[in-house]
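Asker: Provide a 3D model corresponding to the input given below.
(chains A and B)
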Amino acid sequence: MSKAREAKAAKIRQLMETEGDAVNTGTSGFNQGRYESVQTLDDYDGLKSEARAVKEDAIERLPELIDELRETVEENGGTLYIADDAADANRYIREVCEDNDAERVVKSKSMTSEEIEVNEALEHAGTEVIETDLGEWVLQVADEAPSHIVAPAIHKSRDAIADLFNETFDPDEPLETAEELTMFAREQLGELIEDADVGMTGANFITADTGTIALVTSEGNARKTAVVPDTHVAVAGVEKLIPTVEDLQPFVELIGKSGTGQDITSYISLLTPPVESPTVDFDDPDTPITDAETDRDYHLVLIDNGRMAMRDDDQLRETLYCIRCSACSNVCANFQHVGGHAFGGETYSGGIGTGWEAGVEGLDSAAEFNDLCTGCSRCTTACPVEIDIPWINTVVRDRVNRGDVSEVDWLVEGLTPDEEPGGVSFQKRFFGNFETAAKVGSFFAPVSNWVAQSSVSRNLMERFLGIDARRELPAFQRETLVEWFDARGSRVQNPTRTAVLYPDVYTNHVQVERGKAAVRALEALDVEVVVPDVRSSGRAPLSQGMIATAEDHAHDVYAGLAEYIDAGHDIVVIEPSDLAMFRGEYEKFLPEQSFERIADSSYEVMEYVFGLLENGADADALSVVDGDEVAYHSHCQQRTLGLEGYTEAVLSDLGFDVATSDVECCGMAGSFGYKSEYYELSMDVGSELKSQFQTDDTRDRTVVASGTSCLEQLDSLLSRPTQHPVQLVAPSR
Amino acid sequence: MSTGTVATFEDSLERLEVGWTHTSSDELGDVLREVCDDPAVGVPLPSDAPLPEWVNTNPTPADLREANAGVTAAGIGIADYGSVVVQGTPDGVEPVSLFCDRHVAVLQQSDIVPGMPEAFEWLGEEFRTGHSSAIIATGPSATADMGALVKGAHGPKDVHVVILDE
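Answerer: Residues are numbered from 1 along each chain as shown, chains lettered A, B, ... in the order given. Here you go, the predicted structure:
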């Protein structure tokens, strides 16, 4: 393994050991809470679309909204400052503190303030800064960085926090329970807040019409931070601006549910500073609060720091819709196992973190963790503002690839069958051009498989391609599905419909048996099947960030299928990740009408079987059983498309007893689990699926899975054979 | 406002483990006696219902620090969520509702709205007509940052809602 890969593997291994359990407990709990909490909404999808529309409109009209906000803030008696970058913001805030002779600033939690590193700037100037959010305070005491954008100390267990407090503060009685730790922190921080000179908050949202900031919190520290000192500095990115107070409603309903799985956080503070509430001056403890003179000072510091450039960037703009709820972190299988210290950059972590880091810090910071997004797409339906987070990760990967041109690349570029310039690593290029490898592999099979499996080859592959030697390689079949079908021909007498069985690269070259089973199943239901030689979908290059190559595939695939679609035939797809291309990413590659035609004509194979049975096809033509027990793992992208239910329904209708896994991803995710730097993480993620299929109820069940990667991963995890569900239901001849 | 809205509000409070009591203006004092531990601080209610004498309505910072209960009005209640909206007025509703261990929110039954859309209709109007702050408060303050959910972080550990029926 190369040194860089070994170092990355070692870092991930270390974080999995030290922080993985705490992060997994926390994020999995939030994620489960989200599923339960959003069910309380009458129209969850409608609310998400509403929130999305508000953000789209606000970012579109941002300059105009900033002008409006300036007027309202000044009318309210506050000051608006637009800071170009971190240094500019810090200088302004430092001056506000100096003007107020501030000795201590108390802060509520704000990622934007982390981004500009205002604490360091103020401390450098001699002002004490206290984080009052309990999680942030733990990190301040421990001198550690946040590992999660909402629960910053999620990587620290209760025991670790107790040890930290007992060592640092040496309390009379050692602290142990969460209750004791919380009450201790409440007391300590309460006193620090009482004497503070300046309160600094973030802002989750800012309304242009009234200059109101919304703070989404549960502890009450933001309320105290805003009400106790007479000077309030609010720091936020310019993208937090929305037009009106009423526009807050969908966000208030979505943010807690999406993030920590709470229906709503304890407090949504809606403040139009300077607020009318009296200050609470603990230096003058005996004057009634309403008798004391209140002269409040308010500064709203809006930070650009790359955001206006993101607004002009057609690919990164969506990032600005992000409301920092953390749903994309919590739902992400990789994040659940490593947390933000691996899956994060300078400031931001998790799926959307790549977009933020690319926009505010630069590509280098984004490149550090961008590969941890496998494109599984589970975050896309979790995101309350419908951001296509995997796409942002893909775009950033593409830019990282293109930005990293070394001397030998011009040579590589000339030799590779893709559309990419130099800079793409050998590893990414290999996986991105998997179709080429598969063609060669099948042509020379079985010799190619013997050679590939030899220790010499595995050693070379590990050194030059970063393919982990512990991973079993797919075995290429000599006869492809297309060749088999050409020789065999169609065998339906009186077909009711005609379907193209799309020969995805894995079905065509590796898992040919599931392709044959699909042909038999469809023919048994009186569907005439054709299996034309069509190019691979482009999923493989796309997942490596090779967008131009993926687009090239899309054009060829559409050209290869267009006539069949024009003839009214259906396109049946076995591999869910390819169907997800047809229904998803192709929208970015094809003319709108072409995209709609291929998306609307395509079906996942079990979805198609379900449709045939619903429309009167005879189920007895398939394998009908009597309660045979099956353990089913749906594919991540298949679940995002909402299709796993069809497989379950077909299997149940045919008499199978189905137990379905509920992990977000198997951990393999295409090429990810093959890469030597990620192999151990991939297996760690897979261990959850493994344990779900080894319970008393599931351990003897027949294992079926919809995706190629999932099947490969299950083969590594379990000693039982695996197969695609269509192989269970297809007649044997 | 229908009885359905009040029932939904009560269900939400139940889920949050927030206690509530229905009463009239005349019997408010008795109810407060039951739900407040001494010392109690408070802010006079905008309705004509008077607070009992033992509620200190002119608290100092030291009183806030010592108080066990803080009694304030709530502008509206939000049935779907069991939230009360606490307005940051010059008479100190915000600190009184924030610093004590128990916040007692007094709400007119007719001010309970069904959900967030209605709440924001009301809030939009409030903010545009000059009110400067409001807290949508749902249950007590809480944190999970210390390894398990704990009620009572920086703010109240407990909330009680008194619903004034007309």
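
Asker: contacts, neighbours, all on C-alpha from now
Answerer: Fine.

Asker: any idea which element A:L300 lies in?
Answerer: strand A:297-303 (DSSP states H and E).

Asker: just the pLDDT at the residue nearest in space to the middle of chain B, thanks.
Answerer: Centroid check for chain B by CA atoms, centre = their mean gives B:A105 as the closest residue, at 2.4 Å. Looking at B:A105, its pLDDT reads 98.

Asker: can you tell me how far the closest residue to chain A within chain B sits from A:D284?
Answerer: The nearest approach of chain B to chain A comes at B:T60, 3.8 Å away (CA to the nearest CA). Going from B:T60 to A:D284 by CA to CA, to the nearest Å gives 9 Å.

Asker: how close does the nearest residue to A:E361 once chain neighbours are set aside sit to A:E318?
Answerer: In this structure, A:E361 finds its nearest non-sequential neighbour in A:E346, 7.4 Å apart by CA to CA, 6 or more residues apart in numbering or on different chains. Distance of A:E346 to A:E318, given as CA to CA: 20 Å.

Asker: which one of these two is surrounded by more residues?
Answerer: Legend: neighbour count by other CA atoms under 10 Å in any protein chain shown for A:E346 and A:E318, higher for A:E318 (23 against 19).

Asker: A strand includes A:E420, no?
Answerer: No. According to DSSP: H, G, I helix; E, B strand; the rest coil, A:E420 belongs to no strand; its state is coil.

Asker: need the pLDDT of it.
Answerer: Note for A:E420: predicted pLDDT of 80.

Asker: show me what the strand holding A:L300 is packed up against.
Answerer: When contacts are defined as 3 or more CA pairs under 8 Å, 6 or more residues apart in numbering or on different chains; DSSP states H and E, strand A:297-303 packs onto strand A:79-83, helix A:86-99, strand A:231-237.

Asker: the first one vs chain B: in contact?
Answerer: What it means is strand A:79-83. No. Strand A:79-83 lies out of reach of chain B by CA under 8 Å from any CA of the partner chain, never closer than 15.6 Å.

Asker: let me see the mean pLDDT of that strand.
Answerer: Averaging pLDDT along strand A:79-83 yields 98.

Asker: so where do the strands sit in the stretch 551-700 of chain A?
Answerer: Secondary structure of the stretch 551-700 of chain A by DSSP state E, counting those that start in this stretch: the strands cover A:570-573, A:602-604, A:629-633, A:657-660.

Asker: phi, psi for A:E103 please.
Answerer: In terms of degrees, to the nearest 10, the main-chain angles of A:E103 are phi -90, psi -30.

Asker: burial of it, as a residue count?
Answerer: 16.

Asker: contacting residues around it?
Answerer: Contact analysis of A:E103 by CA atoms under 8 Å, 6 or more residues apart in numbering or on different chains lists A:G126, A:T127, A:E128, A:A196, A:D197.

Asker: residue contacts, the second one?
Answerer: Looking back up the chat, that one is A:T127. By CA under 8 Å, 6+ apart, A:T127 lies in contact with A:C97, A:A102, A:E103, A:R104, A:V105.

Asker: buried ones among the residues you listed?
Answerer: A:C97, A:A102, A:E103, A:R104, A:V105 (16 or more other CA atoms under 10 Å in any protein chain shown).

Asker: tabulate those residues (a markdown table), appending pLDDT.
Answerer: Shown next, in a markdown table, are those (pLDDT from 0 to 100):
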| residue | pLDDT |
| --- | --- |
| A:C97 | 97 |
| A:A102 | 97 |
| A:E103 | 97 |
| A:R104 | 97 |
| A:V105 | 98 |
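
Asker: and those, which is closest to B:P156?
Answerer: Nearest to B:P156 among the buried ones among the contacts of A:T127, counting by CA to CA, is A:V105 at 23.0 Å.

Asker: A strand includes the closest one, no?
Answerer: Yes. Assessed with three-state DSSP, A:V105 lies in a strand.

Asker: I'd say the residue nearest to the centre of chain B and B:V161 touch.
Answerer: Yes. The pair B:A105 / B:V161 is scored as a contact, 4.9 Å apart, by CA atoms under 8 Å.

Asker: what residue ranges in the chain score low on pLDDT?
Answerer: Using chain A. Counting by pLDDT under 70, chain A has low-confidence residues at A:1, A:404-416.

Asker: please refer instead to chain B.
Answerer: The model of chain B has pLDDT under 70 over residues B:1-2.

Asker: do a quick rundown of the helices in it.
Answerer: B:3-16, B:28-35, B:61-66, B:93-99, B:116-128 (DSSP state H).

Asker: would you turn those helices into a markdown table with distance to A:S682 and mean neighbour count?
Answerer: Supplementary listing: the helices of chain B in a markdown table, determined by distance: least, CA to CA, whole Å; neighbours: other CA atoms under 10 Å in any protein chain shown:
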| stretch | distance to A:S682 | mean neighbour count |
| --- | --- | --- |
| helix B:3-16 | 39 | 17 |
| helix B:28-35 | 54 | 16 |
| helix B:61-66 | 52 | 20 |
| helix B:93-99 | 46 | 26 |
| helix B:116-128 | 42 | 17 |
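
Asker: quick one, which of those is nearest to B:I135?
Answerer: Between these, helix B:93-99 lies closest to B:I135; by CA to CA that is 8.2 Å.

Asker: so what does that closest one touch, helix or strand wise?
Answerer: Judged by 3+ CA pairs under 8 Å, 6+ apart, the packing partners of helix B:93-99 are helix A:221-227, strand B:40-42, helix B:61-66, strand B:69-73, strand B:83-87.

Asker: any chance of these in TSV, with distance to A:A178 too?
Answerer: Shown next, in TSV, are the helices and strands packed on helix B:93-99 (distance: least, CA to CA, whole Å):
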stretch	distance to A:A178
helix A:221-227	18
strand B:40-42	28
helix B:61-66	23
strand B:69-73	24
strand B:83-87	26
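
Asker: so which of those comes closest to A:A452?
Answerer: Nearest of the helices and strands packed on helix B:93-99 to A:A452, taken as CA to CA: helix A:221-227 at 59.5 Å.

Asker: report whether that closest one contacts chain B.
Answerer: Yes. Contact between helix A:221-227 and chain B, assessed by CA under 8 Å from any CA, occurs at A:N221, A:R223, A:K224, A:V227.

Asker: in contact with the spatially closest residue to the first one that is not a sequence neighbour, which residues?
Answerer: When you say that, I think you mean A:N221. Closest residue to A:N221 apart from its sequence neighbours, by CA to CA, 6+ apart: B:H154 at 5.5 Å. Contacts for B:H154 (CA under 8 Å, 6+ apart) come out as A:R186, A:G190, A:E219, A:G220, A:N221, A:K224, B:F99, B:S141, B:A142.

Asker: ok, of those residues, which come out buried?
Answerer: Among the contacts of B:H154, those classed as buried by neighbour count (16+ other CA under 10 Å) are A:R186, A:G190, A:E219, A:G220, A:N221, A:K224, B:F99, B:S141, B:A142.
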